[in-house]
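Trainee: Got a sequence here, can you model it:
(one chain, ligands or ions: 1)
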Amino acid sequence: MKALDSLSALKGTYVVLVEGSKDIAALTSSGVVGDFICVQSGGGPVRAAEAAWKAGKPAVILTDWDRRGNQLAEDLRINLMSLGVVYNTRIRETLSYLCAPYAKDVESLDSVIIHLQRSLLDMRGVVMGAIIVVEGIDGTGKSTLCARLARELESEGFEVYPTAEPTRGKVGRLIRSGAFEGVSQSTEALLFMADRNDHTEEMLWSASEGKVVLCDRYFASTLAYQSSGLDGSSVDPGVLMPLCEAFARVPDLTILLDADPETTMGRVRSRGEDVSKFEDAGFLRRVRERYLLLAQEHGFKVIDASAGPDEVFEAAMREIREVLRCILLRRSTRRRALSSKGRG
Ligand code: TYD
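Mentor: Predicted coordinates:
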């Protein structure tokens, strides 16, 4: 966009030599204003160079960056030089460098720009913020930990986006309402996945705005819970994994709070809350085993949740600080790279 802005900034002081009228249309719809001369409809490179000379202004050569366009640019350069007209090829070089992977002509510039803007947003999504997930069986203290982590990160100047699954969105609310009581674990897995699909968009958007997304449960919950044989029904992790890959994103960090179900169930009961169908010690033991396997496979950071709350919090903050340090570093490196590309 900076290259195009610099092109617009030359209006009135430069003429822009393009191949045809479709190029002008693409540039105009990309927001570029300029004094254009069409090389082909204007009678070829000799006539175009003469038109620039008559205009008494320097020229920007903006032909396509395929073989024909390169040849035309060279012909224009020779003709402009012989007439003593100053010319600029730098903007063409920058645009060709940025656009070459997608298109070889000026005519496609408007659609390429939309594509580049999307990938820039994608890049920001990866670079600017962070997605941190806390997982664990019921009663491991995820919610308490997430709330404390959010307060700490905010006090350190980070913008935090606290969230959880099942969400408070349309699908999440339906799941929580108990409307699907009695459905099979595979149906339940698909429901959690549907809830996650919209949630992932929301999380990525927040991360792209530079926020630290702190999420209480994510795709590992489905992998661990729905494959652990609740009521004798379970889903093969081999079926669940491709769904997770399609509808979720790998977080920057997943913390697994690990504790024995006897301990965690005691906590749940002492809170006086209703015990859900998931809160059964035998089932949670299998969920815990699954979680520990997933931690090995996916590199989750396991924290002993039977330790005191301060110890758990400190251990989690150590992991988070490490991730944020890397992200801040990546962010400044990327910013420098983008601004040096933009200057080009
Ligand atoms: P939970 O985090 O306990 O919600 P809350 O803190 O509001 O009670 O989640 C509710 C239950 O849903 C929990 O027992 C685990 C289960 N669950 C799954 O089985 N699969 C999933 O994918 C998710 C997100 C949750």
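
Trainee: make it CA atoms for all contacts and neighbour counts henceforth
Mentor: Noted.

Trainee: Quick check: residues of the stretch 51-200 of the chain near the ligand?
Mentor: Proximity of the stretch 51-200 of the chain to the ligand, by CA under 6 Å from any ligand atom, involves residues Asp138, Glu165, Pro166, Phe192.

Trainee: out of everything not next to it in sequence, what's closest to the second one?
Mentor: With CA to CA, 6 or more residues apart in numbering as the measure, Arg217 is the residue that lies nearest to Glu165, at 5.4 Å, once sequence neighbours are left out.

Trainee: Would you check that Ile175 makes contact with Leu190?
Mentor: No: judged on CA atoms under 8 Å, Ile175 makes no contact with Leu190 at a distance of 11.0 Å.

Trainee: Neighbour count for the two, which is higher?
Mentor: More crowded of Ile175 and Leu190, by other CA atoms under 10 Å: Ile175, with 19 against 15.

Trainee: Ramachandran coordinates for the more buried one?
Mentor: In terms of degrees, to the nearest 10, the main-chain angles of Ile175 are phi -60, psi -50.

Trainee: For the ligand, what's the nearest residue on the protein?
Mentor: Per CA to the nearest ligand atom, Thr222 is where the chain lies closest to the ligand, at 3.4 Å.

Trainee: how far does stretch 301-311 stretch from start to finish?
Mentor: Stretch 301-311 has an end-to-end distance of 15 Å (CA to CA, to the nearest Å).

Trainee: Identify all contacting residues around stretch 13-31.
Mentor: Residues outside stretch 13-31 that contact it (CA atoms under 8 Å, 6 or more residues apart in numbering) are 33-41, 48, 52, 55, 57-64, 106-110, 113.

Trainee: where exactly do the helices run in the chain?
Mentor: Secondary structure of the chain by DSSP state H: the helices cover 2-9, 21-29, 44-55, 67-82, 90-99, 109-127, 142-155, 170-177, 185-208, 219-225, 237-247, 261-270, 281-298, 309-343.

Trainee: and of these, who's closest to Ile255?
Mentor: Closest approach to Ile255 among those is made by helix 309-343 (7.2 Å; CA to CA).

Trainee: tell me the mean pLDDT over that closest one?
Mentor: For helix 309-343, the mean pLDDT works out to 82.

Trainee: ditto for stretch 252-269
Mentor: 93.

Trainee: send the alpha carbons of it over as CSV?
Mentor: What follows is stretch 252-269, C-alpha atoms only, in CSV (Å, rounded to 0.1, in the frame of the first residue of the first chain):
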residue,chain,number,x,y,z
ASP,A,252,0.8,-20.2,21.6
LEU,A,253,0.7,-22.0,24.9
THR,A,254,-1.5,-24.7,26.6
ILE,A,255,-1.2,-25.1,30.3
LEU,A,256,-2.5,-28.4,31.7
LEU,A,257,-3.5,-28.3,35.3
ASP,A,258,-3.0,-31.9,36.5
ALA,A,259,-4.4,-33.4,39.6
ASP,A,260,-5.8,-36.7,40.9
PRO,A,261,-9.6,-36.8,40.4
GLU,A,262,-10.1,-37.8,44.1
THR,A,263,-8.6,-34.4,45.0
THR,A,264,-10.5,-32.4,42.3
MET,A,265,-13.8,-34.1,43.0
GLY,A,266,-13.4,-33.2,46.7
ARG,A,267,-13.0,-29.5,45.6
VAL,A,268,-16.0,-29.6,43.4
ARG,A,269,-18.2,-31.1,46.2
